[in-house]
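K.L.:
the following block contains a protein sequence and its predicted model.
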Amino acid sequence: MSKKMSAFLHQRPLYSSSPESYDLSPRSRQDHQKTSSSAAFLSRGPALVLLLLSLLVILGVVFPYVQSPNSLIFFTSRSSDSKWRSYTLSEAAAYVAKNNSLIVCAVSEAYLSFLNNWLISIARQKHHDKVLVIAEDYATLFKVNERWPGHAVLVPPALEAAAAHKFGSQGFFNFTARRPQHLLQILELGYNVMYNDVDMVWLADPFPYFEGEHDVYFMDDMAYVKPLNHSHDLPPPGKKGRTYICSCLIYLRPTVGAKLLMNKWIEELKDQPWSRAKKANDQPAFNWALNKTAGQVDVYLLPQKAFPTGGLYFRNKTWARETEGMHVIIHNNYIIGFEKKTKRFRDYGLWLVDEYAIESPLGNL
Ligand SMILES: *[C@@H]1O[C@H](CO)[C@@H](O)[C@H](O)[C@H]1NC(C)=O
Ligand SMILES: *[C@@H]1O[C@H](CO)[C@@H](O)[C@H](O)[C@H]1NC(C)=O
Ligand SMILES: *[C@@H]1O[C@H](CO)[C@@H](O)[C@H](O)[C@H]1NC(C)=O
Ligand SMILES: *[C@@H]1O[C@H](CO)[C@@H](O)[C@H](O)[C@H]1NC(C)=O
Ligand SMILES: *[C@@H]1O[C@H](CO)[C@@H](O)[C@H](O)[C@H]1NC(C)=O
């Protein structure tokens, strides 16, 4: 039972792991070094003090015109960057969509290596052409579009990097809470859309699995083994009164039902806002939305053998061996720590960026 409980704690680990251990401190270390070396510099003599003072004056003259880091980027980068600033989601969707379908992810700069890893695996299935990266910061927007023009869009406002990375923080909650809004907008524009977290790797083409004409397709995040022929209905609620469907992989058709579900998800996120005690992410709200729209939305649970949670694939070697050849998308969750996540992908031969970056539309980042 305690095993199960801890498994629950580890759901949606792209963030539960990475941001916590992602080291944001190098910058503060650098700042510290800068201050101590300028202190040494000062002690060397009045000429140097003068030089430093004049530098400060120049900075004082220039600085008022540079009001934010964004305008700094604007001044220092090529003019094409300003074009991407005004690139809208509807323009991007129209440019990227193939056969009226899009594959989207939402990433910030810290996850670029995961983005690239995921892209390589998609390129191998020849579906990369319809990938649209929803950039959460300007650095990501510019970097992706510089190498792969038109494939990244930023829906303002860009989020504060430091806030967005701390799992369980309000900034992180705000970051993920925008996902159903982006998806709803894409549905309103009339596209089929698949959302993926970028700590995933495709081993096969998932599209043949989106069979029938259902509104929404998703995978279970529960790690217990199900029969190979399990039902495609919404599973019964778990201990918390709700299901544990993963908000990490969602395929939607532009139907009334799918839009209703996204609207309910947005509503649930508002009704259960972030609190210090709960430290919510967007997954419970998605599950409550599924619960409350049951009967109105035509749902389809993807087969576990093809779309296993990381809690099963990486933790039950017997199961992984028994189902070998059936896996379609692997999710690197149920693990804490950016480094551990990378190492686990390496151990399983799923960290493709080291050797195969050339296969990514972004190349070597
Ligand atoms: C285009 O989409 C339709 C339905 O969404 C699908 O049946 C068809 O196979 C797709 N064609 C290609 C070339 O992907
Ligand atoms: C998160 O969103 C709420 C509500 O929109 C806002 O009041 C709050 O300042 C935001 N917090 C962070 C850290 O982004
Ligand atoms: C799965 O197969 C078993 C054994 O053949 C059968 O009893 C069961 O009803 C099947 N379940 C579903 C959901 O089809
Ligand atoms: C919705 O949640 C309630 C409370 O946990 C539960 O009793 C009910 O069976 C759920 N409905 C569905 C369709 O899962
Ligand atoms: C691991 O998988 C095997 C084979 O599917 C299954 O029999 C076993 O119960 C699983 N172990 C756990 C701890 O879930």
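P.N.:
Now that the structure is in, tell me what you want to look at. Ligands and ions are numbered 1, 2, ... in the order given.

K.L.:
now do the helices in the stretch 251-365 of the chain.
P.N.:
256-271, 282-292, 310-313, 317-322, 338-347, 353-356 (DSSP state H, counting those that start in this stretch).

K.L.:
ligand 5 contacts on this protein?
P.N.:
With CB under 6 Å from any ligand atom as the criterion, the chain meets ligand 5 at residues 224-225, 316, 318-319, 322. In this view, the C-beta of every residue, glycine as well, is placed from N, C-alpha and C.

K.L.:
reformat those as CSV; add pLDDT, distance to residue 150 and neighbour count.
P.N.:
Conversion of the residues of the chain next to ligand 5 to CSV gives the following (pLDDT from 0 to 100; distance: CB to CB, whole Å; neighbours: other CB atoms under 10 Å):
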residue, pLDDT, distance to residue 150, neighbour count
224, 97, 43, 12
225, 98, 43, 16
316, 98, 41, 16
318, 98, 45, 8
319, 98, 41, 16
322, 98, 43, 12
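
K.L.:
ligand 2: which of the residues you listed is nearest?
P.N.:
residue 224 (34.9 Å; CB to the nearest ligand atom).

K.L.:
how would you label the closest one: helix, strand or coil?
P.N.:
coil (DSSP: H, G, I helix; E, B strand; the rest coil).

K.L.:
show me what contacts it?
P.N.:
residue 312 (CB atoms under 8 Å, 6 or more residues apart in numbering).

K.L.:
at 7 Å what do you get?
P.N.:
Contacts for residue 224 (CB atoms under 7 Å, 6 or more residues apart in numbering) come out as none.

K.L.:
gap between it and residue 178?
P.N.:
32 Å (CB to CB, to the nearest Å).

K.L.:
how many other residues sit next to the residue nearest to residue 197 when sequence neighbours are not counted?
P.N.:
Among residues not flanking residue 197 along the chain, residue 248 sits closest, at 4.1 Å (CB to CB, 6 or more residues apart in numbering). Using other CB atoms under 10 Å, residue 248 has 26 other residues around it.

K.L.:
please, which helix or strand holds residue 248?
P.N.:
Residue 248 belongs to strand 245-252 when assigned by DSSP states H and E.

K.L.:
send the alpha carbons of that strand over as PDB?
P.N.:
Extracted in PDB, the C-alpha atoms of strand 245-252 (Å, rounded to 0.1, in the frame of the first residue of the first chain):
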ATOM      1  CA  ILE A 245      -5.700   9.500 -16.200                       C
ATOM      2  CA  CYS A 246      -2.500  11.100 -17.400                       C
ATOM      3  CA  SER A 247      -2.800  14.600 -18.700                       C
ATOM      4  CA  CYS A 248       0.600  13.900 -20.300                       C
ATOM      5  CA  LEU A 249      -0.900  12.500 -23.600                       C
ATOM      6  CA  ILE A 250      -4.200  13.600 -24.900                       C
ATOM      7  CA  TYR A 251      -5.600  13.200 -28.400                       C
ATOM      8  CA  LEU A 252      -8.600  15.300 -29.200                       C
END
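
K.L.:
of the helices of the stretch 251-365 of the chain, which stretch is the most buried?
P.N.:
helix 310-313 (a mean of 24; mean count of other CB atoms under 10 Å).

K.L.:
could you give the mean pLDDT of that one?
P.N.:
For helix 310-313, the mean pLDDT works out to 98.

K.L.:
contacts for that helix?
P.N.:
Contacts for helix 310-313 (CB under 7 Å, 6+ apart): 7, 223, 225, 319-320, 330-335.

K.L.:
which of those residues are buried? Put it as a PyMOL command.
P.N.:
Per 16 or more other CB atoms under 10 Å, the buried members of those correspond to this PyMOL selection:
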select buried, resi 7+223+225+319+320+330+331+332+333+334+335
